[in-house]
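Trainee: Here is a sequence with its predicted model. Questions after.
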Amino acid sequence: MKPPVTNLSKRVFKLESELAFDYLKVAEEVAAHGVKVISFGIGQPDFKTPEPIKEAAFEALKAGHTGYTATPGIPALRSAIAEHVSSFTGSDVKADEVIVTTGSKPAIYFSMMSFVEEGDEVVIPDPGYPTYESVVRYAGGIPVFLHLREEDDFRMTPESVEKAVTPKTKMIVLNSPENPTGGVNLGKDVEGILDIARRKRIIVLTDEIYDHYLYEGEHVSALSDNPDWRENIIYVNGFSKTYSMTGWRLGYAVARKEVIDRFDLMASNTTSCANNFVQHAGIAALTMPQNFFKEILSEYRKRRDCIYDGLNRISGIKVNKPRGSFYIFPNVEKLLKEKGLTASEFTMAILRERGVVTLPGTPAFSPSAGKDYLRLSYALPIEKIEEGLRRIGE
Ligand code: PMP
């Protein structure tokens, strides 16, 4: 038989999706049987987008801000982002060193597609956010999985980075606070990794989307006290998590101007620009009083403590207390051994039999380092967390 005319390129088969979406489908089937599903699956804040942000979007729509904007974003938003990042990290960032993107995902994609050449190695956190591996492969690069160890509280340490880099390393991806482990790199980790990268002339792509979700210690950005950041740092952040704006699709990248000008061309050939009125809402997000997040963070801290205590009480589960993000990554090795199940089989069993969505560390976030782990997102009310834990316990 002749192959279809719409025969897909080899390249496109290198892309992978997030397993969380597959579990969502199964959860819908389970719910269709009348089960009240509790989802620790998807990484999405359950809080509403703050009112002033919504108001700004309505106002912008009414004022007719519905056409294309300049590709890298409206000047007022680029300036607001530059100011926000400068004051949050302590590094001086200018408006023309910012590109506004439709969520932070395209910023990751543009970064990898702009730098990674065939055969280049990219060091990525393992377990880690699946988009990193997928896009590195799509770009023709080779992901080098840097094992984040439970014993290290899932930090990325300079010692482990030193071992992972080779003459072929083009880029190191930092993600702190981390998805899926909740690990947070300490100041000395960031400093040490930046020192290696600078010495060996390696690009650092730093994804700091969970920077506000920190329960202990302080967030040390790769831009913090780093006057030479333009040499090798690409900084990615967005509005999805801090402002509960996942569906609005608004994010950004910060890099030296010449890099941003290339990203501009990538956006120009794909997305054109972020939504006009959403960009106006973005300005409102960055300029409204930021103390709204204090209350939200305190709620997340309660949730973290609740899920941490609850998981630890279940026989066969042991878990580190996560210091950041809204994920927890329990070790279920003993339980899996007792039951003779893989993490995938176990998560599917508790979804089908008890209506609770959790994700398997492997394959969702790692080819092998997550095989004894689950990821739970605790972006849901305490009552639901307690009910979910009760069902997992059963
Ligand atoms: N980076 C990390 C580590 C994430 O967990 C996510 C979302 N789950 C993203 C980036 C993408 O977020 P968005 O595109 O909504 O800004």
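Mentor: In hand now; what should we look at? Numbers count the residues shown, from 1 in each chain.
Trainee: Now do the same contact list for V37.
Mentor: V37 sits next to A27, V30, A31, L351, G355, V356, V357 when contact means Cβ atoms under 8 Å, 6 or more residues apart in numbering. The C-beta positions use only the backbone N, C-alpha and C, and glycine is treated the same way.
Trainee: Export those to TSV and append columns for neighbour count.
Mentor: Converted to TSV, the contacts of V37 look like this (neighbours: other Cβ atoms under 10 Å):
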residue	neighbour count
A27	21
V30	19
A31	13
L351	23
G355	20
V356	26
V357	22
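Trainee: Tell me the one of the residues you listed nearest the ligand?
Mentor: Set against the ligand, the nearest of these by Cβ to the nearest ligand atom is V357 (15.2 Å).
Trainee: quick revisit: now the contacts of V37 in JSON lines, with distance to the ligand and pLDDT?
Mentor: As requested, the contacts of V37 are exported to JSON lines (distance: Cβ to the nearest ligand atom, whole Å; pLDDT from 0 to 100):
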{"residue": "A27", "distance to the ligand": "17", "pLDDT": "94"}
{"residue": "V30", "distance to the ligand": "23", "pLDDT": "94"}
{"residue": "A31", "distance to the ligand": "22", "pLDDT": "95"}
{"residue": "L351", "distance to the ligand": "20", "pLDDT": "96"}
{"residue": "G355", "distance to the ligand": "23", "pLDDT": "97"}
{"residue": "V356", "distance to the ligand": "20", "pLDDT": "97"}
{"residue": "V357", "distance to the ligand": "15", "pLDDT": "97"}
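Trainee: who touches E117 in this structure?
Mentor: Counting by Cβ under 8 Å, 6+ apart, E117 touches A139, G140, G141, K170.
Trainee: what's the spacing between it and the ligand?
Mentor: In this structure, E117 and the ligand are 23 Å apart, going by Cβ to the nearest ligand atom, to the nearest Å.
Trainee: same question, N237
Mentor: Counting by Cβ to the nearest ligand atom - N237 and the ligand are separated by 8 Å.
Trainee: Can you tell me the strand partners of the strand or helix carrying that residue and which way each runs?
Mentor: Using DSSP states H and E, N237 sits within strand 233-238. Next to strand 233-238 in the sheet, as set by DSSP bridges, lie strand 203-207 (parallel), strand 251-254 (antiparallel).
Trainee: got a list of contacts for whatever helix or strand comes next after the shortest one?
Mentor: Scanning the chain past strand 251-254 towards its C-terminal end, the next helix or strand to appear is helix 257-268 (assignment: DSSP H and E). With Cβ under 8 Å, 6+ apart as the contact definition, helix 257-268 has outside contacts at 71-72, 94, 96-99, 101, 106-107, 110-111, 113-114, 234, 253-255, 273.
Trainee: and those residues, which of them are in strands?
Mentor: V98, I99, T101, I234, A253, V254 (DSSP state E).
Trainee: need those in a markdown table with distance to the ligand and neighbour count, can you?
Mentor: Formatted as a markdown table, the ones in strands among the contacts of helix 257-268 follow (distance: Cβ to the nearest ligand atom, whole Å; neighbours: other Cβ atoms under 10 Å):
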| residue | distance to the ligand | neighbour count |
| --- | --- | --- |
| V98 | 15 | 27 |
| I99 | 14 | 28 |
| T101 | 8 | 28 |
| I234 | 13 | 27 |
| A253 | 11 | 28 |
| V254 | 14 | 28 |
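Trainee: can you give me how far stretch 242-259 is from the chain middle?
Mentor: From the chain centre to the centre of stretch 242-259 is a distance of 12 Å (Cα atoms, centre = their mean, to the nearest Å).
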